[in-house]
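Novice: What follows is a predicted protein model with its sequence.
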Amino acid sequence: MTAPLLEVEGLTVHFSVGRGRDKQTVRAVDGVDLTLGGGETLGLVGESGCGKTTTGLAILRLVEPTAGRITFDGTDVRGLSARDLRRWRRRAAMIFQDPYASLDPRLAVGESIGEALDIHDLHQGKQARRARIGELLERCGLHPRVASRYPHEFSGGQRQRIGIARALACEPDFIVCDEPIAALDVSIQAQVMNLLGELQSDLGLAYLFIAHDLAAVQHICDRIAVMYLGRVVEEAERLGLYRSAQHPYTRALLSAIPIPDPVRERQRERIRLVGDVPSPIDPPTGCRFRTRCPEVFDACERIDPALQEVAGPDHTAACLLHGEVGTEVEG
Amino acid sequence: MSDDEVVLSVRDLEVSFGTKRGRAQVVRGIDYDLHRGETLAIVGESGSGKSVSTLALTKLIPIPPGRVTGTAHLGGDLELIAMSEQELSHVRGRRVGFVFQDPMTSLNPVHTIGRQLTEGMRHHLGLSEGDARDRAVDLLHKVGIPSPERRLDDFPHQFSGGMRQRVVIAIGLSCDPEVLIADEATTALDVTTQAQITDLVAELQAELGMAVIWITHDLGVVAGIADRVLVMYAGEVVEAASAEALFARPRHPYTIGLQASLPVLGDVDRHDLAAIPGLPPAPTALPEGCGFHPRCSYRDDARCATERPPLTEVVEGHWVRSFYEVPAEDAARAAAASRIDIEPPDARDEGVA
Amino acid sequence: MSEHDDAEQLQAPDEPAEARWKETLSALFANRLAAAGVVVLALLILSALLADVVAPYAFTDDDLTRRLEPPSAAHWFGTDELGRDVFSRVLFGARVSLQVGAVAVGISLVLGTLIGLISGYRGGWTDIVLMRAMDVLFSFPVVLLAIAIVAVLSPSLTNTMIAIGVVFTPIFARVVRGSVLSVREEVFVRASRSLGASDWRIISRHVLPNVAAPVIVQTSLSLAFAILTEAALSYLGIGVQPPRPAWGLMLLDAQGFIATGEWWMSIFPGLAIFITVASLNLVGDGLRDALDPKQRSIIQSRGVT
């Protein structure tokens, strides 16, 4: 195996909320390790508030990490100066969830795409710039002539295509896709997923695909990491995760996803999770899932589980049912 | 599970809105009967008219610019469409309950949930404050909110998203409605919470016997809860059938396309998804002829582009609005595509190494 | 899936980017009220510039034999208590009032926008310090603060403009800061940053154009207030010095004559202020809509009628 394109170790993002005596720390991301090879897709799934989006933003340093190492193709991303960071961003792009908010309403869409070119001084000159913008639009299934139109004239799916064209402008190696289909209509989601797949195989892109829709993630990803309360609780190859999920949370998540088949859907027994996700300001000691876990036992409070190999070399889970691996909780 | 008693009978329902670019036909004539204890799912994408068609029943859309025609008989006696605002205020919340998509905005942030819960009961049922509070406690208990006596005086922001939606359901049920309309009631929720809410509604329905209209874009949710399904596209019903029949043998090209385009958990080979090309039409620019024909891969002759197909009963209880009969094998492939499915883990499988 | 399948529904006119300001202008003029405002403002500015040529009398020409005459063929707007032609003085007054308004608001616009941008974009301590300073300025009554400034600098037209400019700065700073705070959090700003955009680029390309709308509205309001503040200062003898005419000064001169029936002395300068302020507001609203691509296409779809 060649060296991975992206290596993330111990990524931590803490935010402060409140002032003075009410100051509290939100542990949005709390020690996440991820590895992504070139041309590969890693899925990051979890429910709202689990820190998946913050993880994506922190990898691109759009949110400053509190701790951890990010190595991209040999570059220490956290060590980059502001100037070098801007330059590095040519290689790592992002696609956003809300296609309505991610385009500047006052810029013609061609200008939004052209901005990336201007920043990195690529394809400059009126003719060359225009040709490149047209090429990018065409690549994403839009007519080059729509460049002079404004975002409000497009549908959600079309805007997402524009967002993708913008991300592609500087020929990145890596794109963070943050819930790229969540805001789209069902019949449009498949179009955008196909486009992403096509672009990946043509351009050799690596994706970090962040989503809550496990079916979509499983379709597009090679490997999947499941997050809960700022931690990765399980990581496996796409089918491996589905076939033999090892973490109780992953199992609950899988069992909650409705299957479009009435016969099976009605026979299926769900794992019912009780209660709500605890606040990331004050996560449970030990295993963070223990307050809702149907299989909780006494060690869960005592030991903060670490990821360990389960069901094969490419499959890790942070659960004490597989052996009490982790750090003792102090006090 | 459904009685034969029809609680809601809708005929020729049309809704249009006046816009600067002419009248937008948002709902173009839909008919259905809703039986006691039944769950009817209305499926469609944004702009298909699925929400408007139910909101219009009790004039929960702005009129004007909206205009509603047709009839809707509730409980065999009341005709809703011709009712005055005054009369409707005794129907909304009393005989027809609502649960909306966003539990954050459908609760008033400045009032306690106790007040919001008791308001309808006092207005519609004439309960005293004390009686209404007692009933509110029962309701909160019923929708699974722990220690309801204490939580009555809490404000909406003190509840999590899932808990808030439970409160909204409690409000929807507070006056024992005959019909509960759930408009994308789980769309804003996480899947584990969604599962809790759909289960909850099913349990309450079995207990209380009301009919439910469940509006959603999610075929998976439909499969879990619906007795019958209306598939809407461009303001009309394109397919209507029992849930079993619809998923076993979808017959309209749109339904088939929708099913085939879904990524499915556990699919082994990763072919491109069979996406439906193009976009749904804007209600101000509906195509001539069949509403779906510009995106339809089965359209064959000039007829699709000029003539609007009628909704016809193809086999008993299965209605389709299409000139073209999709070959059984295509439908079977689409249906099968949504079933490539290795046994999912569930509670029975301990599966720990 | 075929290429362009989405694009077919968009028939895009192939227009060069340079034509965009023309588009803005045509959208502005498609709004009939705004167009009227532009015409009236242009006339006002023109008559102020050409007052020497257009005015039938000099603003100092007094004729004590014809004091307090009502409007007539010789004196369209009548005469004042010194027998000066009110029409001519209104024309010359436009010079002073428009100049004070434009320069003073120009000062506060530039200063306020700069402070608001820095404060909103940087946040943290910078924001706290700058905004507290603005609050202090803002907590004084406008006229009182202006008096203090002019008192320090000695009364003159220039110092009046500086004083009004300083006094109005917090208003702009607050408006801009508020908008910057919300624009800064927009996803498209983050998107631009993800492409490698510098702060400067983000501010100039994304933040400024998106805070333009509230600033334009504030500008048209402030111009009106600036003209009124000038009037107040002039009345107190620390603004424009007589015998130079200014609308505010004329209005305040006329105060003593309202009760005795010499209505023309107050009506005409008052009307001049009203018309100026009203057309400024119309142009401001029109510009705000014309600069917004969404509003612009609504205007255009209605057709230029």
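Specialist: Now that the structure is in, tell me what you want to look at. Numbering: from 1, shown residues only, chains lettered A, B, ... in the order given.

Novice: longest single helix anywhere in the chain?
Specialist: Using chain A here. When chain A is scanned for its longest helix (criterion: DSSP state H), the result is helix A:186-203.

Novice: Hmm, no, I was thinking of chain B.
Specialist: Taking residue count as the measure and DSSP H as the definition, the longest helix of chain B comes out as helix B:191-208.

Novice: Output it in PDB with nothing but the alpha carbons.
Specialist: What follows is helix B:191-208, C-alpha atoms only, in PDB (Å, rounded to 0.1, in the frame of the first residue of the first chain):
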ATOM      1  CA  VAL B 191     -33.000   8.300  11.600                       C
ATOM      2  CA  THR B 192     -33.000   6.900  15.100                       C
ATOM      3  CA  THR B 193     -35.400   9.600  16.200                       C
ATOM      4  CA  GLN B 194     -37.500   9.100  13.000                       C
ATOM      5  CA  ALA B 195     -37.900   5.500  13.800                       C
ATOM      6  CA  GLN B 196     -39.100   6.400  17.300                       C
ATOM      7  CA  ILE B 197     -41.700   8.800  15.900                       C
ATOM      8  CA  THR B 198     -43.100   6.600  13.200                       C
ATOM      9  CA  ASP B 199     -43.400   3.800  15.700                       C
ATOM     10  CA  LEU B 200     -45.100   6.100  18.100                       C
ATOM     11  CA  VAL B 201     -47.700   7.300  15.500                       C
ATOM     12  CA  ALA B 202     -48.400   3.700  14.600                       C
ATOM     13  CA  GLU B 203     -49.000   2.700  18.200                       C
ATOM     14  CA  LEU B 204     -51.300   5.700  18.900                       C
ATOM     15  CA  GLN B 205     -53.200   5.000  15.700                       C
ATOM     16  CA  ALA B 206     -53.800   1.400  16.800                       C
ATOM     17  CA  GLU B 207     -54.900   2.600  20.200                       C
ATOM     18  CA  LEU B 208     -57.100   5.600  19.100                       C
END
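
Novice: Surely A:Val8 is in a helix?
Specialist: No. Going by DSSP: H, G, I helix; E, B strand; the rest coil, the assignment for A:Val8 is strand, not a helix.

Novice: what residues are up against C:Asp292?
Specialist: Listed by CB atoms under 8 Å, 6 or more residues apart in numbering or on different chains, the contact set of C:Asp292 reads A:Pro105, A:Arg106, C:Ala213. Just so you know, the C-beta spots here come from the backbone N, C-alpha and C atoms, and that holds for glycine as well.

Novice: Neighbour-wise, which one of these leads?
Specialist: Ranked by the number of neighbours (other CB atoms under 10 Å in any protein chain shown), the contacts of C:Asp292 place A:Arg106 first, at 21 neighbours.

Novice: and that one, what does it touch?
Specialist: Taking CB under 8 Å, 6+ apart, one finds A:Tyr150, C:Pro209, C:Asn210, C:Leu291, C:Asp292, C:Pro293 in contact with A:Arg106.

Novice: right, and out of those, which lies closest to A:Tyr207?
Specialist: A:Tyr150 (28.5 Å; CB to CB).

Novice: what number of residues lie near the closest residue to A:Gln189 other than its chain neighbours?
Specialist: The spatial neighbour of A:Gln189 that comes closest, neighbours along the chain excluded (CB to CB, 6 or more residues apart in numbering or on different chains), is A:Ile181 at 4.3 Å. Neighbour count of A:Ile181, defined by other CB under 10 Å: 27.

Novice: for B:Gly266, same thing?
Specialist: Counted with other CB under 10 Å, residues neighbouring B:Gly266 total 18.

Novice: nearest spatial neighbour of the one residue in chain A that gets nearest to chain B, skipping sequence neighbours?
Specialist: Shortest chain A-to-chain B distance, computed as CB to the nearest CB: residue-wise this is A:Pro258, at 3.0 Å. Taking CB to CB, 6+ apart as the measure, A:Pro258 lies nearest to B:Gly220, with 3.0 Å between them; neighbours along the chain are not counted.

Novice: what about the residue nearest the centre of chain A, which helix or strand?
Specialist: Among the residues of chain A, the one closest to the centroid is A:Ile210, at 2.7 Å (CA atoms, centre = their mean). A:Ile210 is located in strand A:206-211, with elements delineated by DSSP states H and E.

Novice: what angle separates that strand from helix A:186-203?
Specialist: With axes from the mean of the first three to the mean of the last three CA atoms, to 10 degrees as the basis, strand A:206-211 and helix A:186-203 are set at 160 degrees to each other.

Novice: Note down every partner strand of strand A:206-211 and its orientation.
Specialist: Take DSSP bridges as the rule and strand A:206-211 pairs in its sheet with strand A:41-45 (parallel), strand A:174-178 (parallel).

Novice: Excluding sequence neighbours, find me the nearest residue to A:Lys23.
Specialist: A:Ser16 (5.7 Å).

Novice: Please point out which parts of the longest helix of chain A sit buried.
Specialist: By neighbour count, with 16 or more other CB atoms under 10 Å in any protein chain shown as the criterion, the buried positions of helix A:186-203 are A:186-197, A:199-200.

Novice: Next secondary structure after the lowest-mean-pLDDT helix or strand in chain A?
Specialist: Lowest mean confidence among the helices and strands of chain A (mean pLDDT, DSSP states H and E): helix A:262-267, at a mean of 81. Moving toward the C-terminus from helix A:262-267, the first helix or strand encountered (DSSP H and E) is helix A:299-302.

Novice: Does the helix or strand following that next one reach chain B?
Specialist: Moving toward the C-terminus from helix A:299-302, the first helix or strand encountered (DSSP H and E) is strand A:303-305. No. Against chain B, strand A:303-305 shows no contacts by CB under 8 Å from any CB of the partner chain, the least distance being 13.6 Å.

Novice: So in that sheet, which strands flank strand A:303-305, and in what orientation?
Specialist: Here strand A:303-305 has these sheet partners by DSSP bridges: strand A:326-328 (antiparallel).

Novice: next one: the strand it pairs with to chain centre, how far?
Specialist: Taking the mean of its C-alpha atoms, strand A:326-328 sits 27 Å from the chain's own mean (CA atoms, centre = their mean, to the nearest Å).

Novice: Buried ones in it, by neighbour count?
Specialist: With burial defined by 16+ other CB under 10 Å, the residues of strand A:326-328 counted as buried are A:Gly326.

Novice: Same check on stretch C:260-268?
Specialist: For stretch C:260-268, a neighbour-count test (16+ other CB under 10 Å) marks C:Glu262, C:Trp264, C:Met265, C:Ser266, C:Ile267, C:Phe268 as buried.

Novice: cool, and stretch C:151-158?
Specialist: Taking 16+ other CB under 10 Å as the basis for neighbour counts, the residues of stretch C:151-158 that come out buried are C:Pro155, C:Leu157.

Novice: from the chain's centre, how far out does that stretch sit?
Specialist: The answer for stretch C:151-158 is 22 Å, by CA atoms, centre = their mean.
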